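J.: Next come a sequence and a model predicted from it.
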Amino acid sequence: MSREAVIEALKSVKGPDGFDIVSAGTVRALQVEEGKVRFVMEIDPAQAEAYGPVQAQAEAAAGAVEGISGVSVVLTGHSNAAPPDLKPKRAAEPKGPEKIPGVARIIAVASGKGGVGKSTLSANLACALAQQGRKVGLLDADVYGPSQPRMMGVTGRPASPDGKTILPMRNHGVTMMSIGLMVNEDQAVIWRGPMLMGALQQMMMQVQWRALDVLIVDLPPGTGDVQMTLSQKAQVDGAIVVSTPQDVALLDARKGIDMFDKLNVPLLGLVENMSTHVCSNCGHEEHIFGHGGVAAEAEKLGVPLLAEVPLDLKIRLASDGGVPVVVSAPDSRQAKAYQDIAAALVARGAA
Ligand SMILES: Nc1ncnc2c1ncn2[C@@H]1O[C@H](COP(=O)(O)OP(=O)(O)OP(=O)(O)O)[C@@H](O)[C@H]1O
């Protein structure tokens, strides 16, 4: 079971233009992992209907490859479709990722699994960078559970005065946009495929971010379609991977690290969250989930360990209350870990 075998199988599938979907450059970001295949089919939106059966054939072709137990194909639209008479060779040339207008740099914050503190880090990092004088945007791309409106204390729907562009929200010195502000909270979880990709693209390209030094993107957990779409569509300058210290969390984090490697996104560093727990009554320090695993991984990869953030009630209460701890208690020990990450990124010219 190999990536090559899947690609070979997909060459038997023809698009509505008669060219096979691999040579035509329709198949993008193909990954094979533990018997599961994922890829994006980038198509002319006007041909979405015609591609329905092609998608089904592609799923069947990839699924028939020996050792493949699951296939996930996402149809996504590209804006400038190739003219129909284009030779397959030219059509296969990939369209490179674009800069988001006005945005100097993009940093993606990712995690291998959910609930490890990726959104908490994104919110605190964005606020800390703003406190350090950077013009910062925060894009909540966690389509399956957008939590930035709550963490950043933002409510209401973003306005669209001209019906085309969207005005972002702003709080704590940070310009922000979340998929949670565009749909009802319970709706976001059922979004799938092209609709979801369209929303992500809209948030990147149609939001009036204005001039930003850095846009922090809070990704959904794992290594899925959103991560692939983001790095295909926009030029991501660096990624931060968050993990808790347990072996199983680290195992998932490694998959995230591997994904960024494949997508050619430089890894800026790792963060160990919930590293130690300091008892709020007696001050006793305990490594509830173990300690040092993320540091060892960073050393192995030759990337910085950006911080070890403690498991601390104050951090949770602050985020749940809509005022991240770097804003509610900027001089606290709890805020320092996030401020140090921001300072390190600024010093390296990464933010
Ligand atoms: N260092 C910390 N100390 C205490 N609580 C924390 C810490 N980091 C995160 N939390 C809390 O843990 C919960 C999960 O954190 P968060 O939402 O940031 O994780 P996530 O990785 O973004 O999760 P998901 O992938 O589900 O969106 C939240 O209630 C948050 O307040």
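T.: The structure has been received and is ready for your questions. In this text the structure is predicted, and so the values were computed from the model without any measurement. Numbers count the residues shown, from 1 in each chain.

J.: Close to the ligand: what parts of the protein are there?
T.: Applying CB under 6 Å from any ligand atom, we find that the chain lies next to the ligand at 111, 114-120, 142, 145, 147, 221, 273-274, 309, 311-312, 315-316, 319-320. The C-beta positions use only the backbone N, C-alpha and C, and glycine is treated the same way.

J.: Which of the residues you listed fall in helices?
T.: 118, 119, 120, 315, 316, 319, 320 (DSSP state H).

J.: Spell out, range by range, the helices that occur in this structure.
T.: 3-10, 48-63, 88-91, 118-131, 148-151, 185-188, 193-205, 225-233, 247-262, 293-301, 313-320, 325-328, 333-347.

J.: Return the most buried member of those.
T.: helix 118-131 (a mean of 28; mean count of other CB atoms under 10 Å).

J.: now that helix, how far from the chain's geometric center?
T.: With CA atoms, centre = their mean, to the nearest Å as the basis, helix 118-131 stands 15 Å off its chain's centre.

J.: can you tell me the average pLDDT over that helix?
T.: Model confidence over helix 118-131, given as mean pLDDT, is 97.

J.: and what of stretch 143-151?
T.: Rounded mean pLDDT across stretch 143-151 is 89.

J.: Any idea how far it is from the middle of the chain?
T.: For stretch 143-151 - counting by CA atoms, centre = their mean - the centre lies 13 Å from the chain centre.

J.: Show me the residue at the heart of the chain, geometrically.
T.: Of all residues in the chain, the one closest to the mean position by CA atoms, centre = their mean is residue 219, 3.0 Å from it.

J.: Which residue is the nearest non-sequential neighbour of that one?
T.: Closest residue to residue 219 apart from its sequence neighbours, by CB to CB, 6 or more residues apart in numbering: residue 110 at 4.7 Å.

J.: Next one: the one you found from residue 296, what distance?
T.: 19 Å (CB to CB, to the nearest Å).

J.: do the same with residue 180
T.: 35 Å.

J.: go on, residue 217?
T.: For residue 217, the distance to residue 296 - CB to CB - is 27 Å.

J.: Longest strand in this structure, please.
T.: strand 267-278 (DSSP state E).

J.: any low-confidence regions in this protein?
T.: 1, 77-96, 183-194 (pLDDT under 70).

J.: can you list the domains in it?
T.: Domain assignment for the chain, taken from automatic domain parsing, gives 3-91, 106-347.

J.: how about JSON lines for these, with distance to residue 98 added?
T.: Listed next are the domains of the chain as JSON lines, based on distance: least, CB to CB, whole Å:
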{"stretch": "domain 3-91", "distance to residue 98": "10"}
{"stretch": "domain 106-347", "distance to residue 98": "6"}
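
J.: To residue 100, which of those lies closest?
T.: domain 106-347 (5.4 Å; CB to CB).

J.: can you pull the contacts of residue 2?
T.: With contact set as CB atoms under 8 Å, 6 or more residues apart in numbering, residue 2 has these partners: residue 32.

J.: The same query, at a cut-off of 10 Å, please.
T.: 8, 32, 65, 66, 67 (CB atoms under 10 Å, 6 or more residues apart in numbering).

J.: From residue 255, how far off is it?
T.: 18 Å.

J.: As a quick check, tell me the outermost residue of this structure.
T.: Distance from the C-alpha centroid of the chain peaks at residue 282, with 38.4 Å (CA atoms, centre = their mean).

J.: Now that residue. Its backbone dihedrals?
T.: phi -110, psi -10 (degrees, to the nearest 10).

J.: For it, give me its contacts.
T.: So residue 282 contacts nothing (CB under 10 Å, 6+ apart).

J.: what about it, distance to the ligand?
T.: Distance from residue 282 to the ligand, counting by CB to the nearest ligand atom, to the nearest Å: 18 Å.

J.: and what of residue 61?
T.: Remark: distance between residue 61 and the ligand (CB to the nearest ligand atom) = 33 Å.
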